[in-house]
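Participant: quick one, structure for this:
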Amino acid sequence: MPISSATAADSSSPSTSTEDILLELVDESGATIGTAEKLAAHQPPGQLHRAFSVFLFDREGRLLLQRRALGKYHSPGVWSNTCCGHPYPGEAPFAAAARRTFEELGVAPTLLAEAGTVRYNHPDPLSGLVEQEYNHLFVGLSPSTLAPDPEEIAETVFVTPRELAERHARDTFSTWFPTVLDAVRPAVRELTGGTADW
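Facilitator: As a prediction, this is how the structure comes out:
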């Protein structure tokens with residue numbers, strides 16, 4: 001698995017609404033075929049678009065989870081993986097993953113590495129929106145001190161596999177979380193050197 005260091009991007013940018021953000025539409029092979037407004041791409045039946053999911057771990061092999069801020073238009077208040085989002089049209093998924101992790105958590109991940117892709121179609125019963133995504137997966141290490149943006153993240157926690165199972169049984173998680181976690185497991189085992197039973 002290729003290993004590269006991620007550099008933090010400048011998170012300062014003009015304020016934009018959800019309707020102003022364009023996503024990259026793709027075909028089933030992941031090739032770009034156009035763009036769509038963010039909200040429109042998530043309205044039923046959903047348009048297949050490029051996305052990314054980041055899984056960061058501490059030195060003990062615990063996974064960093066975030067609970068999405070209550071003000072989010074999509075899946076507010078639910079637990080999910082460390083960071084997820086969408087590249088801007090023409091933006092490399094790796095650059096987008098590093099940029100968005102910095103914007104949301106205030107830190108730059110280390111040893112951030114590609115961990116494959118997964119394609120899924122997950123309707124969200126709470127919002128009525130649809131996650132129709134070609135998702136690029138990334139794993140890496142997290143600094144111990146975080147500075148989450150409260151407009152993006154309500155809460156963070158590092159969990160062992162057992163703690164994750166307990167939390168998943170009692171709390172609400174994003175519809176895409178089980179799918180991306182299963183897809184990223186082989187890369188996680190390599191990253192953690194088998195120190196955690198992921």
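Participant: ok, and the closest non-adjacent residue to the residue nearest the centre of the chain?
Facilitator: Nearest residue to the geometric centre of the chain (C-alpha atoms, centre = their mean): Cys84, 1.8 Å. Using C-beta to C-beta, 6 or more residues apart in numbering and skipping the chain neighbours, the partner closest in space to Cys84 is Ser53 (4.5 Å). Every C-beta, even on glycine, is put in place using the N, C-alpha and C of the backbone.
Participant: how about the residue nearest to Ala69 when sequence neighbours are not counted, secondary structure?
Facilitator: Closest residue to Ala69 apart from its sequence neighbours, by C-beta to C-beta, 6+ apart: Ala154 at 4.9 Å. State at Ala154, reduced to three classes by DSSP: H, G, I helix; E, B strand; the rest coil: strand.
Participant: against which helices or strands is the helix or strand of the chain with the lowest mean pLDDT packed?
Facilitator: Taking mean pLDDT, DSSP states H and E as the measure, helix 177-192 is the helix or strand of the chain with the lowest mean score, a mean of 92. The elements that helix 177-192 packs onto, with contact taken as 3 or more C-beta pairs under 8 Å, 6 or more residues apart in numbering; DSSP states H and E, are strand 49-57, strand 110-123, strand 130-141.
Participant: go again using 10 Å as the cut-off
Facilitator: Packed against helix 177-192 by the contact rule (3 or more C-beta pairs under 10 Å, 6 or more residues apart in numbering; DSSP states H and E) you find strand 49-57, strand 63-68, strand 79-80, strand 110-123, strand 130-141, helix 161-170.
Participant: thinking again about what came up before, kindly state the beta-bridge partners for the residue nearest to Cys84.
Facilitator: Counting by DSSP bridges, Ser53 forms beta bridges with Cys84, Leu137.
Participant: number of residues surrounding it?
Facilitator: Neighbouring residues of Ser53 were enumerated by other C-beta atoms under 10 Å; the total is 28.
Participant: pLDDT score for it?
Facilitator: The model reports Ser53 with a pLDDT of 98.
Participant: pretty sure it sits against Gly140.
Facilitator: No: in this structure, Ser53 sits apart from Gly140 without contact. The criterion is C-beta atoms under 10 Å, and the distance is 11.9 Å.
Participant: now do the shared contacts for the two.
Facilitator: Common contact partners of Ser53 and Gly140 (C-beta atoms under 10 Å, 6 or more residues apart in numbering): Thr82, Ala97, Ala115.
Participant: just checking the distance from stretch 96-104 to the centre of its chain.
Facilitator: In this view, stretch 96-104 has its centroid 9 Å away from the chain centroid, taken as C-alpha atoms, centre = their mean, to the nearest Å.
Participant: show me the shaky parts of the chain.
Facilitator: When the per-residue scores of the chain are filtered using pLDDT under 70, the ranges that remain are 1-19, 195-196.
Participant: picking that back up, now the helices and strands packed on helix 177-192 in a markdown table, with distance to Val184?
Facilitator: Rendered in a markdown table, the data for the helices and strands packed on helix 177-192 read as follows (distance: least, C-beta to C-beta, whole Å):
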| stretch | distance to Val184 |
| --- | --- |
| strand 49-57 | 5 |
| strand 63-68 | 10 |
| strand 79-80 | 13 |
| strand 110-123 | 5 |
| strand 130-141 | 5 |
| helix 161-170 | 13 |
